[in-house]
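Peer 1: Pasted the sequence and its predicted model underneath.
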Amino acid sequence: MVSKSPESSQFSKWVMMVSHASRTASEDGLGVDAPPTEPVHYSDAHLMGIVSDTSITGTSGLCSSRIHPNVLYVHNDRGDNSHVYALNGMTGQLMASIKVTGASNYDWEDIACGPCGGGQEGHCIYIGDIGDHSGSGARDIIYKIREPAVLPSSPRHDVKVRVDGELHFTWNPPGLDADTLMVDPQGVLYVITKAPNGHGQVGAIPPHSWTDSDTPVHFTNTLTLPITTSDPGPLGGDISKDGRKILIKTSNQILYWYVPIGVSYLDVLSKNPVAVPYEHQIRGQAVGWDQNGQGYYTLAEGWRQGLYYYGQI
C-alpha cells in the first residue's frame, strides 16, 4: 500500500518526522539511540515526490548527506558525465549538480556517504564504478570525494568537486559484476557482487587502504550472502549512520540486518535477514537510509520516478 496524498494527515505526520529526524542528526552530529536487538518495524511506502529533472534518468545509487538536512545524493548509471545530484528528500526536487572532476562514469552502480577514512577528518561521498558495463568487464574503481560544505542556490550551476582519492580492487576470480557499495562508521567499505541467484560475494576494504591507493586491494576471503533471489542481485545497499542497521535491495525485496555492538559486519551479513516493506518499482535499484537511520528511501531508474520513504513505526 502506498500513501500518495500530500494532504493526508498520515503523510503529513511522516513529513514532520523525516524533517525533525534529519535536523536532530545534523545538529548533534550523531545517529539515533541504539536500536533494539529485535528488528524495528517500518511503514508502507510514502510518495515524497516525483524526481522530474531531466538530468536524472538512470538512478542506481542513493545516500543521505552527513552535512545537509533532508539532502539525498544520487547518480545515474553508466553513460552520464560524472555527476552526483543533490535531491530534496522531502520533495524529490533537484537542489544541486555536483561535477566530479578527475573521474569518469564507466559504470557507476552505487554511492555511499560516510567518514572520509584513511586518517582524514570530515565527511565523504564514495562512488562505486563497479559494474561490468553490460558484460564488457568492470573497472573496479571506488572514487572518494569530499561532501560539499555549501550547495549552490540554483540547481543549474554545477559545484565542481575534485576526486580526493581513487582506489582499485580485484576479485578472486576476477571480472565479477557488482551493484552494491556501503561504508560503515569506521570507514570500512563493503562491495557486493551481483550473482544470478543473489548469492553475492561481500568484500571488505579497510580505511587504511586509501593511504596506499596506488596498490589495488585484492579480495581473497569473501563472504557469500545467505539470500536467494529469482533475478540477479543484490542491486544496492546502505549502512545507517550509527552503524547499527544494514539494508540490501534485491529486485523484489529490501532486506534488513541489525548490527549488535561488538559484532562484525561480515558476521552479521552471514545470518539470515528480515524483509522490510518495499513498494515494487520496475528497475528499482537505489536504497538508502535517512540521515539518522529512522527510515529509508527508494528510487528507481528512469525519468520521473517516485521517491519513496518508509518511516520507523
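Peer 2: Looks like it came in fine.

Peer 1: What helices and strands are in contact with whichever helix or strand D267 is part of?
Peer 2: When elements are assigned from DSSP states H and E, D267 belongs to helix 265-269. Packing contacts for helix 265-269, counted by 3 or more Cβ pairs under 8 Å, 6 or more residues apart in numbering; DSSP states H and E, involve strand 201-205, strand 245-249, strand 254-258. The C-beta positions use only the backbone N, C-alpha and C, and glycine is treated the same way.

Peer 1: Of the ones you listed, flag the one that's most buried.
Peer 2: Neighbour counts (mean count of other Cβ atoms under 10 Å) averaged over each of these peak at strand 245-249, with a mean of 25.

Peer 1: ok, back up a step: how about the helices and strands packed on helix 265-269 in CSV, adding distance to Y126?
Peer 2: Formatted as CSV, the entries for the helices and strands packed on helix 265-269 read as follows, by distance: least, Cβ to Cβ, whole Å:
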stretch, distance to Y126
strand 201-205, 10
strand 245-249, 16
strand 254-258, 20
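
Peer 1: Just send these back as CSV, with mean pLDDT and distance to G131 too.
Peer 2: Converted to CSV, the helices and strands packed on helix 265-269 look like this (pLDDT from 0 to 100; distance: least, Cβ to Cβ, whole Å):
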stretch, mean pLDDT, distance to G131
strand 201-205, 97, 15
strand 245-249, 98, 15
strand 254-258, 97, 20
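
Peer 1: how about Q120, what does it touch?
Peer 2: 164, 210 (Cβ atoms under 8 Å, 6 or more residues apart in numbering).

Peer 1: So that it lines up with my notes, have the first residue be 10 from now on.
Peer 2: In the new numbering, first residue 10, that becomes Q129.

Peer 1: May I have the beta-bridge partners of it?
Peer 2: Taking DSSP bridges, one finds G126 as the beta-bridge partners of Q129.

Peer 1: same thing with the one 4 residues further on?
Peer 2: Here C133 shows beta-bridge partners G123, R155, assigned using DSSP bridges.

Peer 1: pretty sure it is touching E156, no?
Peer 2: Yes. Counting by Cβ atoms under 8 Å, C133 touches E156, with 6.2 Å between them.

Peer 1: coming back round to it: return the distance of the helix or strand just after the helix holding D276 from the chain's centre.
Peer 2: Remark: after helix 274-278, the chain's next helix or strand is strand 283-285, criterion DSSP H and E. Counting by Cα atoms, centre = their mean, to the nearest Å, strand 283-285 is centred 17 Å from the centre of its parent chain.

Peer 1: same deal with stretch 266-277?
Peer 2: In terms of Cα atoms, centre = their mean, the centre of stretch 266-277 is set 18 Å apart from its chain centre.
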